[in-house]
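Colleague: Based on what follows, work out the 3D shape:
(chains A and B)
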2 protein chains.
Amino acid sequence: MKTHLECIPCFARQALEMARMGTEVESLQKEIARESLKIIIEADFETPPPLLAQKVSSLIRRMTGIADPYAKSKRRQNRFAMELYPEMKEIVRTSRNPFETAARLAIAGNIIDMGIYPGIDHAHAERSIREALDAPILAETLQSFHDAVQSASSILYLADNCGEIVLDRLLVEELPREKVTFAVRGGPILNDATLEDAIETGITEIVVVIDNGDDAPGTWLPQCSDEFRRRFESADVIISKGQGNYETLDGEAGNIFFLLRAKCPVIARAVGCPLGSAVLMKNKK
Amino acid sequence: MKTHLECIPCFARQALEMARMGTEVESLQKEIARESLKIIIEADFETPPPLLAQKVSSLIRRMTGIADPYAKSKRRQNRFAMELYPEMKEIVRTSRNPFETAARLAIAGNIIDMGIYPGIDHAHAERSIREALDAPILAETLQSFHDAVQSASSILYLADNCGEIVLDRLLVEELPREKVTFAVRGGPILNDATLEDAIETGITEIVVVIDNGDDAPGTWLPQCSDEFRRRFESADVIISKGQGNYETLDGEAGNIFFLLRAKCPVIARAVGCPLGSAVLMKNKK
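Modeller: Numbering: from 1, shown residues only, chains lettered A, B, ... in the order given. Now for the predicted structure:
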C-alpha cells in the first residue's frame, strides 16, 4: 500500500521516539529530528510506509552510532510477554476451540507494540487480550483460515514485534508444526522481532526460524533475501502479523491471512473496520 | 516558552490539517506538507510554538490562495457555542458563586478548539463543561483572581478561539465591564477569534474590542501593534485564554491570569498538572 499524507505526523512522532531511544543528548535529538524531516520530504509516497521508517531508523543508527536503540526495551517486552505466557497457554488449553483462541491471542499480541503505545502494563495487556477474545471475527474467515493451515504442506509465519512473538508461539503450537517456518526481520528496526528474539523466547526450539534478509519494519519482497522470497513463493499459506506486514504485502498474490490490530486510521480505512479492531482477513488476490 | 522537539509531530499534524482546510487537491496538499516540513526544519526553537504555526499558516494561504481556510468552520463553532449560551448563562445565574462559575465555563470554552479536536459535538461540550465545573482549582487562586479584577482599573482580556469567545462572554459579564478591553487576533489563523468573530457573537455590543495587530495564534508582543502593547503594559490585570497565549506570554511580567485547558504534554509539564486539566494560574513574574 502507498504512504498517505496522514502518515507524515506519525513518521515525525516515530522519528522523535527513535531519536530519544538512541540518544539522551538533546542537541543530537534535534539534529536527528531535522534530518528525519528531510527524509520525509524526499520520500517516495508510492511505496509503503515501512520503507520510510527503515530509512529514518538507518539515519538514527548512523547519527547515534547505536546499532539497536530498542535493544533494552525489546528484552523487556519479551520478558513481559513470557510472564503472560503460562496464563495464556492455559486459556488456549481449556478453551472450546484452541485454534481459534490461539489465533485471537496472537492478534492480542499485536498490541504489544512500543512503536505505537510507548508504555505497556499488565492491565493494558489483559484488557487487550479480553478484547481480542471477544472481538467480532467472521466465523467463515476463521473456518477458512483453519482449513487452509490444516491442508497446507508449508506454512510461512511472518512475525512482527517483540513480546508479540511469545503470543505467536501459542498459535504456532496449534499449527502442524513440522510444516511451519517462522520468519523474523533481518536486522534490528524499532521493536520488531529478530532472530535474537526468536531464540530468547524459545521459538527456535519448537519451529524452524529464518530471517527475511531485510530490516524494514514489514515484508517488502523486493528487498528480502532470495531464500526468503523462495519460501514466500512456495508457501501454501502465509500468516502475516501486524500492520507493517500488511502495509507491505497488501495486494500480493498468495494465500495470505492477515492477523493484526488496526492501530491507525489509514489502516482501519484500508481494512474497512473501526479503529482499534482486531482483524483476521484473507488477502484479496 | 521555547518550542520543544515534541511539538514537531504536532506541527506536522496541524500543517496537514491546515492544508486540508485550504484545498481538496491532494497533490497540492502533498506539496504544502513538504513545504511545511521545510519550515519546521528551519524553525527557531528558541521562540514559542505559535510563531511556527503562524509561518505554516502564511505558507498555506500563499499556496492555496485562500485567505482564511477556517472561515466556514469558525462560523460553525460560533453558532454552536451561541446555542449553548442561554443554558450556560442560566448555570452562572443560578450558581452560588457566579464569578467562579463563569471563570470555569470560560475555561471549559477552551476545549472548543478545532486545532486540537477536529470534531466537536454537544455531548463532548457538555462533558467538558461538567469537567471544568468540577475541576480542582485552588480556592486561593480563585480568590486572588476575583480580588484582582475587582480592584483593577483596567482589564485586558486576551481571547483565544472561535466558539470559546461565547463562553468568554459569560466571564466578561461578571467583570466590571466598563474597565474591560477584549483583544482578538489581528488576522485569521487557525480557528482563532478575530474582530469578525467578536462582532458575530455580540461581544462588541457589551465591551470594547481591539485586535492585537498580529496573526500568530498567541500573543507575541514583539509582533503586536504599538497600541496593543501600550494597552498590555498599562493593564492592571490581564486575563489570558488558552495555550497559544500561555506559550507566548509565559515569563512576561504583569498581573497575568492564565485560564486554559492543558491539551498537550508539553504544556501540562510546564504548568505542572495532569494532561487535560482545567487550569487557572497566576504568572510567576
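
Colleague: what kind of secondary structure is the residue nearest to A:Tyr246 when sequence neighbours are not counted in?
Modeller: Sequence neighbours aside, A:Phe258 is the residue nearest to A:Tyr246 in space, at 5.1 Å (criterion: CB to CB, 6 or more residues apart in numbering or on different chains). Where you see a C-beta, it was placed from the backbone N, CA and C, and this is true even at glycine. Under DSSP: H, G, I helix; E, B strand; the rest coil, A:Phe258 falls in the strand class.

Colleague: unless I'm mixing things up, A:Phe258 is touching A:Val279, no?
Modeller: Yes - if you go by CB atoms under 8 Å, A:Phe258 and A:Val279 touch, sitting 6.5 Å apart.

Colleague: Could I get the contacting residues of the closest residue to chain B within the stretch 151-285 of chain A?
Modeller: At 11.4 Å from chain B, A:Pro265 is the closest residue in the stretch 151-285 of chain A, using CB to the nearest CB. By CB atoms under 8 Å, 6 or more residues apart in numbering or on different chains, A:Pro265 lies in contact with A:Glu6, A:Leu275.

Colleague: Got the confidence number for it?
Modeller: Note for A:Pro265: predicted pLDDT of 91.

Colleague: neighbours of A:Lys38, just the number please.
Modeller: Residues contacting A:Lys38 under the criterion other CB atoms under 10 Å in any protein chain shown number 13.

Colleague: burial count for the residue nearest to it when sequence neighbours are not counted?
Modeller: Leaving aside its chain neighbours, A:Lys38 sits nearest to B:Ile41 (6.5 Å; criterion: CB to CB, 6+ apart). Using other CB under 10 Å, B:Ile41 has 16 other residues around it.

Colleague: Wait, B:Ile41 touches A:Ser36, no?
Modeller: No - with contact defined as CB under 8 Å, B:Ile41 and A:Ser36 do not form a contacting pair (9.6 Å).

Colleague: for chain A, what are the low-confidence residue spans?
Modeller: A:112-121 (pLDDT under 70).

Colleague: for chain B, what are the nearby residues on it?
Modeller: Residues of chain A that fall close to chain B, judged by CB under 8 Å from any CB of the partner chain: A:5-6, A:8-13, A:16, A:19, A:26, A:29-30, A:33-34, A:37-38, A:40-41, A:45.

Colleague: Are any of those buried, and if so which?
Modeller: A:5, A:8-13, A:16, A:19, A:29-30, A:33-34, A:37, A:40-41, A:45 (16 or more other CB atoms under 10 Å in any protein chain shown).

Colleague: Show me those residues that map onto helices.
Modeller: A:8-13, A:16, A:19, A:29-30, A:33-34, A:37, A:40-41 (DSSP state H).

Colleague: with the residues you listed in mind, which one is nearest to B:Leu59?
Modeller: Checking those against B:Leu59 with CB to CB, the nearest one is A:Ile41 at 13.8 Å.

Colleague: what's the burial count for the nearest residue to A:Lys284 once chain neighbours are set aside?
Modeller: Using CB to CB, 6+ apart and skipping the chain neighbours, the partner closest in space to A:Lys284 is A:Gly251 (7.6 Å). A:Gly251 has 10 neighbours, counted by other CB under 10 Å.

Colleague: and what of A:Lys285?
Modeller: 10.

Colleague: residues in contact with A:Gly65?
Modeller: With CB under 8 Å, 6+ apart, A:Gly65 has no contacts at all.

Colleague: quick one, helices of the stretch 151-285 of chain A?
Modeller: All helices of the stretch 151-285 of chain A, identified by DSSP state H, counting those that start in this stretch, fall at A:164-172, A:195-200, A:203-206, A:226-234, A:242-249, A:265-271.

Colleague: In PDB, list the C-alpha atoms belonging to the third one.
Modeller: Output in PDB follows, covering the C-alpha atoms of helix A:203-206 (Å, rounded to 0.1, in the frame of the first residue of the first chain):
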ATOM      1  CA  ILE A 203      10.500 -20.100  19.300                       C
ATOM      2  CA  THR A 204      13.700 -21.600  17.700                       C
ATOM      3  CA  GLU A 205      13.200 -24.700  19.900                       C
ATOM      4  CA  ILE A 206       9.800 -25.500  18.500                       C
END
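
Colleague: list the buried ones in that helix?
Modeller: A:Ile203.

Colleague: what packs against it?
Modeller: helix A:164-172 (3 or more CB pairs under 8 Å, 6 or more residues apart in numbering or on different chains; DSSP states H and E).

Colleague: quick one: contacts of the helix it packs on?
Modeller: Identification of contacts with helix A:164-172 by CB under 8 Å, 6+ apart yields A:78, A:81-82, A:84-85, A:88-89, A:92, A:102-103, A:105-106, A:108-110, A:112-113, A:157, A:159, A:180, A:182, A:184, A:193, A:197-198, A:201-203, A:206-207, A:239, A:241-242.

Colleague: the inter-axis angle of it versus helix A:242-249?
Modeller: Taking axes from the mean of the first three to the mean of the last three CA atoms, to 10 degrees, one finds that helix A:164-172 is oriented at 80 degrees with respect to helix A:242-249.

Colleague: what separates helix A:164-172 from the chain centre, distance-wise?
Modeller: The chain centroid and the centroid of helix A:164-172 are separated by 11 Å, computed with CA atoms, centre = their mean, to the nearest Å.

Colleague: what's the answer for stretch A:76-96, then?
Modeller: How far stretch A:76-96 lies from its chain's middle: 18 Å, per CA atoms, centre = their mean.

Colleague: Also stretch A:50-67?
Modeller: For stretch A:50-67, the distance to the chain centre is 18 Å (CA atoms, centre = their mean).

Colleague: Quick check: buried residues in it?
Modeller: Of the residues in stretch A:50-67, A:50-57, A:59-61, A:63-64 count as buried by neighbour count, 16+ other CB under 10 Å.

Colleague: Same question for stretch A:258-277.
Modeller: Those would be A:258-264, A:266-268, A:270-271, A:273, A:277, for stretch A:258-277 by 16+ other CB under 10 Å.

Colleague: Mind picking the two most distant members of the residues you listed?
Modeller: Going by CB to CB, the pair spanning the buried residues of stretch A:258-277 furthest: A:Leu259 and A:Val266, at 18.3 Å.

Colleague: can I see the domain layout of chain A?
Modeller: A:7-64, A:71-282 (automatic domain parsing).

Colleague: I'd like those as JSON lines, with distance to B:Val166 appended.
Modeller: Converted to JSON lines, these look like this (distance: least, CB to CB, whole Å):
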{"stretch": "domain A:7-64", "distance to B:Val166": "30"}
{"stretch": "domain A:71-282", "distance to B:Val166": "31"}
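
Colleague: between those domains, which gets nearest to B:Arg229?
Modeller: Here domain A:7-64 is closest among those (CB to CB), at 31.7 Å.
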